[in-house]
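A.B. asks: coords below, sequence missing:
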């Protein structure tokens with residue numbers, strides 16, 4: 001493969017940051033693809049396939065018409081490596097409960113929720129239809145509140161309170177009453193004689209990372225049901241998701257209201 005942009009893009013995915021820096025330093029010292037550059041790149045960092053990678057780069061560089069200076073190749077490699085790193089940090093992961101498969105690395109919903117809660121620094125948004133059990137989640141939310149994190153729990157209301165849930169939705173979180181703000185969907189319209197449900201399931205830390213999936217905050221859903229979800233690490237996407245709920249909480253016209 002002698003397409004220089006394609007080779008640089010591939011190397012940016014394959015090479016650790018330290019390798020990229022070492023290669024860029026060498027490339028900046030060579031205005032043209034001299035044969036000696038391959039040996040210098042190979043020896044710059046140890047690795048079984050470094051020689052083959054260096055050969056790919058030098059061959060593609062030599063085949064470019066005209067070959068750009070080494071400083072330009074170095075800049076392109078550094079830029080591609082940084083963009084790959086940013087994309088990797090914002091990657092979306094699949095999370096599962098219940099049966100596992102060979103297609104998805106095991107990321108259990110229960111452990112990921114704890115990770116997201118522990119990642120919070122200023123705010124936590126927790127939204128669920130049902131919430132039963134989950135003692136560990138409740139403890140982590142209390143710890144977050146104890147370190148100054150604003151905790152908002154948006155839960156479906158009981159049938160007695162105009163919601164769609166049988167039972168007491170806040171039972172697992174009674175110890176958080178003085179530490180968090182509880183929200184419910186008030187004055188919801190009836191459709192066809194039935195009450196629409198607050199059915200979203202979200203756990204968002206600040207506006208940086210969020211777990212979005214099918215699992216309720218119940219022991220069965222987090223560990224035993226067949227559930228799927230995704231961890232979002234793109235701040236632009238998470239920000240829109242969180243601010244949607246914040247807008248629904250506006251005191252003057254938001255349908256989500258604090259509960260006693």
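C.D. replies: That came through, no problem. Note that the coordinates shown come from a computational prediction; the quantities given were computed from them, not determined experimentally.
A.B. asks: Can you give the domain ranges for the protein?
C.D. replies: 4-89, 93-258 (automatic domain parsing).
A.B. asks: can you tell me which of those the model trusts least?
C.D. replies: Lowest mean pLDDT within those: domain 93-258, a mean of 87.
A.B. asks: one step back: want to try TSV for the domains of the chain, with mean neighbour count as columns?
C.D. replies: From N, CA and C alone the C-beta is placed, and that goes for glycine too. Formatted as TSV, these follow (neighbours: other Cβ atoms under 10 Å):
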stretch	mean neighbour count
domain 4-89	16
domain 93-258	17
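A.B. asks: what's the spacing between the helix or strand hosting residue 40 and its chain's center?
C.D. replies: Using DSSP states H and E, residue 40 maps to helix 36-44. Between the centre of helix 36-44 and the centre of its chain there are 38 Å (Cα atoms, centre = their mean, to the nearest Å).
A.B. asks: in terms of contact, does residue 11 touch residue 57 like I think?
C.D. replies: Yes: proximity of residue 11 to residue 57 meets the contact threshold set by Cβ atoms under 8 Å, at 6.3 Å.
A.B. asks: contacting residues for the nearest residue to residue 130 once chain neighbours are set aside?
C.D. replies: Ranked by Cβ to Cβ, 6 or more residues apart in numbering and with sequence neighbours excluded, the top spatial neighbour of residue 130 is residue 216, at 4.1 Å. Neighbouring residues of residue 216 by Cβ atoms under 8 Å, 6 or more residues apart in numbering: 128-131, 201.
A.B. asks: Centre-most residue in this protein?
C.D. replies: residue 233 (2.6 Å; Cα atoms, centre = their mean).
A.B. asks: quick one, phi/psi of it?
C.D. replies: phi -120, psi 10 (degrees, to the nearest 10).
A.B. asks: Residue 227 too?
C.D. replies: phi -130, psi 150.
A.B. asks: That one bridge partners, please.
C.D. replies: Residue 227 has these beta-bridge partners by DSSP bridges: residue 97.
A.B. asks: I figured it was touching residue 99, is that so?
C.D. replies: No: using Cβ under 8 Å, residue 227 and residue 99 do not qualify as a contacting pair, with a distance of 10.3 Å.
A.B. asks: the strands in the stretch 51-200 of the chain, which residues?
C.D. replies: Assigned strands in the stretch 51-200 of the chain, in chain order: 93-97, 123-128, 131-132, 150-155, 181-185 (criterion: DSSP state E, counting those that start in this stretch).
A.B. asks: mind putting the ones you listed in CSV, distance to residue 255 included?
C.D. replies: Converted to CSV, the strands of the stretch 51-200 of the chain look like this (distance: least, Cβ to Cβ, whole Å):
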stretch, distance to residue 255
strand 93-97, 28
strand 123-128, 13
strand 131-132, 20
strand 150-155, 11
strand 181-185, 6
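A.B. asks: was I right about residue 133 contacting residue 219?
C.D. replies: Yes: assessed by Cβ under 8 Å, residue 133 is found in contact with residue 219 at 3.8 Å.
A.B. asks: Okay, the residue nearest to the centre of the chain and residue 94: tell me how far apart.
C.D. replies: As for residue 233, its distance to residue 94 is 13 Å (criterion: Cβ to Cβ, to the nearest Å).
A.B. asks: do residue 239 as well
C.D. replies: 22 Å.
A.B. asks: right, and residue 151 touches residue 183 too?
C.D. replies: No: with contacts counted by Cβ under 8 Å, residue 151 stays clear of residue 183, the gap being 11.0 Å.
A.B. asks: can you pull the contacts of residue 159?
C.D. replies: 165-166.
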